[in-house]
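Enquirer: compute the structure for the input listed below.
(4 chains)
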There are 2 protein chains.
Amino acid sequence: MYDAVFTAIAEGRRRDILKLLGKGEKSSGEIAAHFDVSWPAISRHLRLLKEAKLVDERRGGRDGRERHYTLNRARLRNVLGGWVAAFDAMWAESLDNLKHELESTSRDKERSHDPRR
Amino acid sequence: MYDAVFTAIAEGRRRDILKLLGKGEKSSGEIAAHFDVSWPAISRHLRLLKEAKLVDERRGGRDGRERHYTLNRARLRNVLGGWVAAFDAMWAESLDNLKHELESTSRDKERSHDPRR
DNA sequence: CAATTACTTAACACATTCGTTAAGTATATT
DNA sequence: AATATACTTAACGAATGTGTTAAGTAATTG
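Expert: Here you go, the predicted model:
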């Protein structure tokens, strides 16, 4: 599930597209015009980003022929922020375990001066 | 530069390795034992993670033959956190631009009731 | 309804990547 | 010096991913 997000942001051009969308909504054509690769290439990047739910798509323009993309900031923050935060949670837990271990070791010492025999 | 980090975390197995290291320092062999792929495969993942500076390596063990890896939490937070935060900065800037635009538009309205003619 | 606009999907080439096994390297140990 | 331990690097195959051009498709316009 999160996998799609990590795959999506792994590629530089897709990160560039996200960056561009950071400045505001853009159509598929506008995005393609910003880069020196073909429109189909951009279209596929957009599909991936859409599947990862990093961008939202809606019909737009004066007639409904354009596809407008917007950055999904919440998704970006939730997935990446959440993932990074999980490490700090683990860290806290590890520290906690270590603390308990040290405490029980010192309790052992109180009961006997050489518990290993 | 940041590129290596995004590439490194793109792969599920490497994210699993980072997660494992989140619980504390581990040797190359210990890490390999945790997964059902060969040691060489793990070794290459570790090299990528090291190149991305997401993990640090040092000699360890009773003799100096083991290679111990630790997670570099700061790097993770700085790169990903920084990248995500940049979007919010852009967002703030875009909002600000929009505000200025609206303000100048309303100033135009004050000067003339139909500026488009 | 034929043409136009704004895209997307398909087909294919080339590059990169992950895994495997076999071979190499570095640091003790005997 | 030979052997063992703990890895890493090399070589290679199968899968995946990015780009290109050509061929759709969906909605609007004349």
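Enquirer: so residue A:58, which state does it fall into?
Expert: strand (DSSP: H, G, I helix; E, B strand; the rest coil).
Enquirer: tell me what it is bridged to.
Expert: residue A:68 (DSSP bridges).
Enquirer: I'd say it and residue A:50 touch.
Expert: No: using C-beta atoms under 8 Å, residue A:58 makes no contact with residue A:50, being 11.0 Å away. (Glycine included, C-beta is placed from N, CA and C.)
Enquirer: the two: which has the busier surroundings?
Expert: residue A:50 (17 against 11; other C-beta atoms under 10 Å in any protein chain shown).
Enquirer: can you tell if stretch A:48-61 touches DNA strand C?
Expert: Yes: Stretch A:48-61 comes into contact with DNA strand C (C-beta under 7 Å from any atom of the strand), by way of A:57, A:61.
Enquirer: got a list of contacts for that stretch?
Expert: Contacts to stretch A:48-61, defined as C-beta atoms under 8 Å, 6 or more residues apart in numbering or on different chains, come from residues A:4-5, A:7-9, A:14, A:17-18, A:21, A:25, A:27, A:46, A:65-72, A:75-76.
Enquirer: 6 Å instead?
Expert: A:4-5, A:8, A:66-72, A:75 (C-beta atoms under 6 Å, 6 or more residues apart in numbering or on different chains).
Enquirer: and what of stretch A:6-15?
Expert: A:45, A:48-49, A:52, A:54, B:6-7, B:9-10.
Enquirer: also stretch A:16-28?
Expert: Under C-beta under 6 Å, 6+ apart, the answer for stretch A:16-28 is A:34, A:45, A:66-71, B:87, B:90, B:94.
Enquirer: could I have the ChimeraX command that selects the buried members from the residues you listed?
Expert: The buried residues among these can be selected in ChimeraX (16 or more other C-beta atoms under 10 Å in any protein chain shown) with this line:
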select /A:45,67,68,69,71 /B:87,90
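Enquirer: just the contacts of stretch A:16-28 now: which is nearest DNA strand D?
Expert: Distance to DNA strand D, by C-beta to the nearest atom of the strand, is smallest for residue A:45 among the contacts of stretch A:16-28, at 5.9 Å.
Enquirer: what residues does the closest one make contact with?
Expert: Neighbours of residue A:45 in contact, by C-beta under 6 Å, 6+ apart: A:14, A:17.
Enquirer: report pLDDT for it.
Expert: pLDDT, residue A:45: 98.
Enquirer: please apply the same query to residue A:97.
Expert: 74.
Enquirer: can you name the two of the contacts of stretch A:48-61 that sit furthest apart?
Expert: A:5 and A:66 (25.7 Å; C-beta to C-beta).
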